[in-house]
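fold the following, please.
(4 chains)
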There are 2 protein chains.
Amino acid sequence: MATTNNIANTGSGPIVPEVVIQRLPRYVRVLTQFADSGEKVISSEQLGTRLQMTPAQIRKDLSYFGRFGKQGRGYDIAMLEGQLRTILGLDRTWNAAVVGMGRLGRAVVSYPGFAPEGFNILAAFDASDDIVGQTISGLQVRSISELKTSVQNLDIKIGIVTVPIEHAQEVIDALVDAGIRSILNYAPLSPQVPKGVTVRGIDPVLSLQSMTYYIR
Amino acid sequence: MATTNNIANTGSGPIVPEVVIQRLPRYVRVLTQFADSGEKVISSEQLGTRLQMTPAQIRKDLSYFGRFGKQGRGYDIAMLEGQLRTILGLDRTWNAAVVGMGRLGRAVVSYPGFAPEGFNILAAFDASDDIVGQTISGLQVRSISELKTSVQNLDIKIGIVTVPIEHAQEVIDALVDAGIRSILNYAPLSPQVPKGVTVRGIDPVLSLQSMTYYIR
DNA sequence: GGTAGTTTGTGATACAAAGCACACACCCAT
DNA sequence: ATGGGTGTGTGCTTTGTATCACAAACTACC
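All right, here's what the predicted structure looks like:
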C-alpha cells in the first residue's frame, strides 16, 4: 500500500506530479532544522546533500511553484519554508479523527508528534460498546454511528483508520461518506476509494517485506 | 523519507526496479487473502481490480522473475504466493532488534503484527540506564554498548529505530557498523547510509503533510 | 478433435521523471 | 562601478516506468 492516491489537483496552476508533492514536506523539515541552527540562506546543493538527492531535482521541484531563490546566493530559509508551508496547506491547523480505539488507536491518539505540526486529533471512534464512552488521552470515545455528524460539527478534515483489517474498508467508506477526503490508513489493505480521496498507508510489515529481498 | 534505498540487487538475474520489489508484498498479501477464501486460481485482471492497478503492470512485474501463469487460465494462487515469498525471502523468519525503548519502541515491540509474518523481535536496546535491565514485552532491555555483539550472537538482520531524532543518525551508524543492512526507521529524518544498506521510513506526519496539499 | 473464448507474456510504444549544462542574475570585494 | 565567483531557473537529453496490443498457449464445450 504505502501510498495510494487518486489525485485531485487542487487549485489552479500547472499540474504538479504527486512525487513532487510528496517530497515537499521533506524540504520543509530540513529547512526547519537549518533555521533552528541559525542559518539564513541555503543552496540546493546543501539541501541535496542532506536529503541524498541531486540539487537539480530540488530546483526543478521548486520551480513548479515559483522562483524562490536568488542567483549566486541560494534560498532564504525562512522565506522558502514559509512558501512551502503555504503551498502544502501547513500554514493552518487541521482537525483529525481516529477510528478504532484498540491498541493501535490508543498509541496514535497519544502520539505527541501530531499536534506540534498542526494536526489535532479532536475525536475518537470505536464500534464496541465496551469502549464507547471511555476517555482515552483526554478524548471521549464516540460511537461510529455518530461519525458523520461529528465530522461535520468538529470540522474534521482527516480520518485516521486504526481498525482491524476486516472492518477497514467499511470504516473508510463511512469516512468518505462523511465527507472526508484525506485518510491515513494503518490497516494492512489497499482500500478502494473514489477519485478525489487521498489515502496514505502506514504499513511497517510491507516495508519489512520488501527489504528482505535485498538481504536474502 | 518514506522510502529511501540504496539499491543492492542481490543474486543474479536481471536488475529489477525497486518499485517492482515494493509492489510484490502487496501481491503476496492479496494472494493470501484469496487463498483463504478458498480460491485456487486468479487472473491478473482480478488482482488488478483488488489492487487498483492495471493487469498489464502486474504481468510485467511478475515477468521479471519467471513465467508463473497459464494462458487462458491465470495463476495458481498457492504456487504464485509461494514463488513470490521465495523471491522476497519470506520463506524463512528474520530476526530483528529494536533500538529506543521509549513510548514508540514499546509500542513496536508489543505490536502483534510482526511475528505472524516471520519477523521476530529478539532484542531491545536503549541508551538510558534507567531503562536498561527492565523487561518489556518479555524482552530484557540491553545497553546500546552491547549492540554489535548481540546482533552477531542473535543473528539479527533487521534494525528498527525508535529513538528520538537527535540520536537517530548515530544509532543508524551503529547498526550499520554492527553489520545490519536493513533498517526500519521511525525517526523523522532522512538518514545517511552507505550503499548496500536499505532504509525504509515510517513517518505518519510526512504522510499527513503531503495529503493536505490536496484538500487545502 | 476442432473451435470459440480466455488470459498470459512481452516486444513496441508512449509517458513521466530525473539529470545535465549553461545563460543569466545576483553578490561582494575592490 | 566593475568584474570574478557562485548558484539559480530551465530547455533539452537521458533514463526509467507504465501501458498497449497481439501472438501464443491454454480451457471448455460441443
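
can you list the buried residues in stretch A:85-94?
A:85, A:87-90, A:94 (16 or more other C-beta atoms under 10 Å in any protein chain shown). Placement of C-beta: from N, CA and C, glycine included.

which residues touch it?
If you take C-beta atoms under 8 Å, 6 or more residues apart in numbering or on different chains as the criterion, stretch A:85-94 is touched by A:21, A:24-25, A:28, A:65, A:82, A:84, A:117-120, A:157-158, B:208-210, B:212-213, B:215-216.

repeat the analysis, applying 7 Å as the threshold.
If you take C-beta atoms under 7 Å, 6 or more residues apart in numbering or on different chains as the criterion, stretch A:85-94 is touched by A:24-25, A:28, A:65, A:118-120, A:157-158, B:209, B:212-213, B:216.

list buried residues within those.
Buried members of the contacts of stretch A:85-94, scored by 16+ other C-beta under 10 Å, are A:24-25, A:28, A:65, A:118-119, A:157-158, B:209, B:212-213, B:216.

and the residues you listed, which of them are in strands?
A:119, A:158 (DSSP state E).

please enumerate the helices of chain A.
Along chain A, counting by DSSP state H, helices occupy A:18-36, A:44-51, A:55-63, A:77-88, A:103-109, A:147-153, A:165-177, A:204-215.

go through the ones you listed and name the closest to DNA strand C.
With C-beta to the nearest atom of the strand, the closest approach to DNA strand C among those belongs to helix A:55-63: 3.7 Å.

please work out the average pLDDT along that closest one.
With pLDDT averaged residue by residue, helix A:55-63 scores 98.

can you check stretch A:106-116 too?
Stretch A:106-116 carries an average pLDDT of 97.

give me the buried positions along it.
In stretch A:106-116, residues buried by neighbour count (16+ other C-beta under 10 Å) are A:106-109, A:111, A:114.

turn these into CSV, including distance to A:Gln71.
CSV is the format used below for the buried residues of stretch A:106-116 (distance: C-beta to C-beta, whole Å):
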residue, distance to A:Gln71
A:Arg106, 52
A:Ala107, 48
A:Val108, 45
A:Val109, 47
A:Tyr111, 42
A:Phe114, 38
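
and which of the residues you listed is nearest chain B?
A:Ala107 (4.6 Å; C-beta to the nearest C-beta).

now the closest one: closest residue in space that isn't a chain neighbour?
Closest residue in space to A:Ala107, ignoring its immediate chain neighbours: B:Ala107 at 4.6 Å, by C-beta to C-beta, 6 or more residues apart in numbering or on different chains.

how much space separates the one you found from A:Ala168?
19 Å (C-beta to C-beta, to the nearest Å).

quick check: A:Pro164 vs A:Val108, distance?
Counting by C-beta to C-beta - A:Pro164 and A:Val108 are separated by 14 Å.

where does pLDDT dip in chain A?
Scanning chain A for pLDDT under 70 picks out the ranges A:1-14.

domain-wise, how is it divided?
Annotated domains of chain A cover A:18-88, A:94-207 [automatic domain parsing].

most packed of those?
Mean neighbour count, computed with mean count of other C-beta atoms under 10 Å in any protein chain shown, is highest for domain A:94-207 among those, reaching a mean of 19.

over to the most far-flung residue of chain A relative to its centre: give its phi and psi.
Here chain A reaches farthest from its C-alpha mean at A:Gly72, the gap being 34.3 Å by C-alpha atoms, centre = their mean. Per-residue torsions, A:Gly72: phi 70, psi 0 (degrees, to the nearest 10).

next one: A:Gly118
Dihedral angles (degrees, to the nearest 10) for A:Gly118: phi 90, psi 10.

gap between it and B:Glu166?
Counting by C-beta to C-beta, the gap from A:Gly118 to B:Glu166 is 22 Å.

can you check A:Thr198 too?
Look at A:Thr198 and B:Glu166: by C-beta to C-beta, they are 31 Å apart.

try A:Pro112
15 Å.

repeat for A:Arg67
On the measure of C-beta to C-beta, A:Arg67 and B:Glu166 end up 34 Å apart.

which bits of chain A sit near DNA strand C?
Residues of chain A lying close to DNA strand C (C-beta under 7 Å from any atom of the strand) are A:17-20, A:53-54, A:56-57, A:59-60, A:70-73.

widest-spaced pair of these?
The distance between the two most remote of these (C-beta to C-beta) is 32.4 Å, for A:Glu18 and A:Gly72.

I'd like the helices of chain A laid out as TSV, including distance to A:Val141.
Compiled in TSV, the helices of chain A are given as follows (distance: least, C-beta to C-beta, whole Å):
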stretch	distance to A:Val141
helix A:18-36	30
helix A:44-51	39
helix A:55-63	41
helix A:77-88	31
helix A:103-109	9
helix A:147-153	11
helix A:165-177	14
helix A:204-215	25
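
out of those, which gets nearest to B:Ser128?
B:Ser128 lies closest, by C-beta to C-beta, to one member of the helices of chain A: helix A:103-109, at 20.6 Å.

can you name every helix or strand that the closest one contacts?
Here helix A:103-109 touches strand A:94-99, strand A:119-126, going by 3 or more C-beta pairs under 7 Å, 6 or more residues apart in numbering or on different chains; DSSP states H and E.

output that helix as CSV, restricted to C-alpha atoms.
C-alpha atoms of helix A:103-109 as CSV (Å, rounded to 0.1, in the frame of the first residue of the first chain):
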residue,chain,number,x,y,z
ARG,A,103,-4.1,-1.0,20.9
LEU,A,104,-3.0,0.9,17.8
GLY,A,105,-5.7,3.6,18.0
ARG,A,106,-4.6,4.3,21.6
ALA,A,107,-1.0,4.6,20.5
VAL,A,108,-2.0,7.0,17.7
VAL,A,109,-4.1,9.4,19.9
